[in-house]
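# Give me a model of this one.
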Amino acid sequence: MIIDCHGHYTTAPAGLRDWRKLQLSSLKNSFSKPRISDQEIRDSLDGAQLKLQRERGTDLTFFSPRAGSMEHHVGDAAVSAAWSRECNDLVHRVCGLYPANFAAVCQLPQSPGVPPANCVPELERCVKELGFIGCNLNPDPSGGWWKEPPLTDKWWYPLYEKMVELEVPAMVHVSSSCNPAFHFTGAHYLNADTTAFMQFLTSDLFKDFPALKFVIPHGGGAVPYHWGRYRGLAQDMKRPPLEELLLGNVYFDTCVYHRPGIELLLKVIPADNILFASEMVGAVRGIDPETGQYYDDTRRYIDAIDWVSAADKKKIYEGNVRKVYPRIAAGLNGRG
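Numbering: from 1, shown residues only. Predicted coordinates:
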């Protein structure tokens, strides 16, 4: 089975964006839900995510609201809560229509300066009532200005306590950037991935939460490329080796859009800590002129690497997901 742990509803029907425009024009949340039919949902997927699953031979995609549209920096906590609820409800509908193709991951109603404990009710609703299996956690709700405490600060602990209780991991994922110095998919996303790892390295977070799990997307940002730097920094700081300090709790996905990058990731990071992902339909949708293939067809890169054993590829494609996402593991065990 090929499980893609990183997908966003980037092709959502126009009714969702229309609802958002209405919300932001009035800054009220009392009007009706978005008017989106089941057929509109089907049409939004048939020529995109479902088509690509069939063509590329993947089976199941973990599906969350569009990351760039989480927009935690817009409005206040009430606006974020209403927007997150509508986005999550729409993803839930997708998974209800296509339960064999998608599993739901939720957007959290974060807002700058608002304690993460505020996200607990929506996380509980999504997991307990709607069957979601994970969440996306934004380490920078201010949108590129980094005003929140680091992810290792106790400010985040109430949310982590609930994540552990519910057995759901978080993918570390920022949203759009308000800072003109940081292009959102080319800089802000990768900055956040790298920053989160360094925050984890300098903390004892996982002593407090040994069962807490994070997935760092986009291949871990700059981390694999600079693995020696991080090993050396940990050594200089008298920290334990990274394998002992972090790799029981921190995982990396394969959203890396060229084969040399995937090979580097697989050479540096243990196979036990890599989860297959493509992000499709995501940040880069075109065809690489050097290969004639789509950049985001990441399975093609992994399949072509002959020095990765079949056993390790099975871990990357399926086994590690079952370990990191126990709620999906329970459901998949029923399928075999």
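# Strands along the chain, start to end?
Counting by DSSP state E, the chain has strands at residues 3-9, 60-65, 102-107, 134-137, 170-172, 214-216, 250-253, 274-275, 287-288, 293-294.
# Now tabulate those strands in JSON lines and tack on distance to Val91 and mean neighbour count.
Any C-beta I mention is one placed from the backbone N, CA and C, and that applies to glycine too. Listed next are these as JSON lines, based on distance: least, Cβ to Cβ, whole Å; neighbours: other Cβ atoms under 10 Å:
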{"stretch": "strand 3-9", "distance to Val91": "6", "mean neighbour count": "27"}
{"stretch": "strand 60-65", "distance to Val91": "6", "mean neighbour count": "26"}
{"stretch": "strand 102-107", "distance to Val91": "5", "mean neighbour count": "28"}
{"stretch": "strand 134-137", "distance to Val91": "11", "mean neighbour count": "26"}
{"stretch": "strand 170-172", "distance to Val91": "14", "mean neighbour count": "24"}
{"stretch": "strand 214-216", "distance to Val91": "17", "mean neighbour count": "25"}
{"stretch": "strand 250-253", "distance to Val91": "19", "mean neighbour count": "26"}
{"stretch": "strand 274-275", "distance to Val91": "19", "mean neighbour count": "27"}
{"stretch": "strand 287-288", "distance to Val91": "28", "mean neighbour count": "13"}
{"stretch": "strand 293-294", "distance to Val91": "24", "mean neighbour count": "16"}
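# Output the ones you listed in TSV; the columns should cover distance to Lys267 and mean pLDDT.
Listed next are these as TSV, based on distance: least, Cβ to Cβ, whole Å; pLDDT from 0 to 100:
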stretch	distance to Lys267	mean pLDDT
strand 3-9	21	98
strand 60-65	25	98
strand 102-107	28	98
strand 134-137	27	98
strand 170-172	23	98
strand 214-216	17	98
strand 250-253	13	98
strand 274-275	11	98
strand 287-288	21	96
strand 293-294	22	94
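# show me the contacts for Val168.
Contacts for Val168 (Cβ atoms under 8 Å, 6 or more residues apart in numbering) come out as Leu123, Val127, Phe132, Ile133, Gly134, Cys135, Tyr325, Arg327.
# what does Gln293 give?
Residues near Gln293 by Cβ under 8 Å, 6+ apart: Ile287, Arg300.
# on that earlier part again, for the contacts of Val168, pick the one with the most neighbours.
For the contacts of Val168, neighbours were counted using other Cβ atoms under 10 Å, and Gly134 has the most, 28 neighbours in all.
# so what pLDDT did the closest residue to Glu71 other than its chain neighbours get?
Leaving aside its sequence neighbours, Glu71 sits nearest to Ser175 (Cβ to Cβ, 6 or more residues apart in numbering; 5.8 Å). For Ser175, the pLDDT comes out at 97.
# got it, and the one 3 residues further on?
Looking at Cys178, its pLDDT stands at 94.
# Surely Asp296 and Asp288 touch.
No. At 9.7 Å, Asp296 does not count as touching Asp288 under the criterion of Cβ atoms under 8 Å.
# Need the residues touching each of these two.
Each of Tyr257 lies in contact with both Asp296 and Asp288 under the rule Cβ under 8 Å, 6+ apart.
# quick one: low-confidence ranges for this structure?
Within the chain, the ranges that satisfy pLDDT under 70 run 27-31, 333-336.
# give me that answer again for 90
Counting by pLDDT under 90, the chain shows low-confidence ranges at 25-34, 280, 282-283, 285, 329-336.
# Next, the angle from the helix of greatest length in it to strand 60-65.
The longest helix of the chain (DSSP state H) is helix 77-97. Interaxial angle, helix 77-97 versus strand 60-65 (axes from the mean of the first three to the mean of the last three Cα atoms, to 10 degrees): 150 degrees.
# Which residues does stretch 180-200 contact?
68, 139-140, 144, 146, 150-152, 172-177, 179, 206, 214, 216-223, 230, 246, 249-250, 283-284.
# neighbours around the closest residue to Glu279 other than its chain neighbours, how many?
Excluding the flanking residues, the one nearest Glu279 by Cβ to Cβ, 6+ apart is Cys255, at 4.5 Å. For Cys255, the count of nearby residues is 28 (other Cβ under 10 Å).
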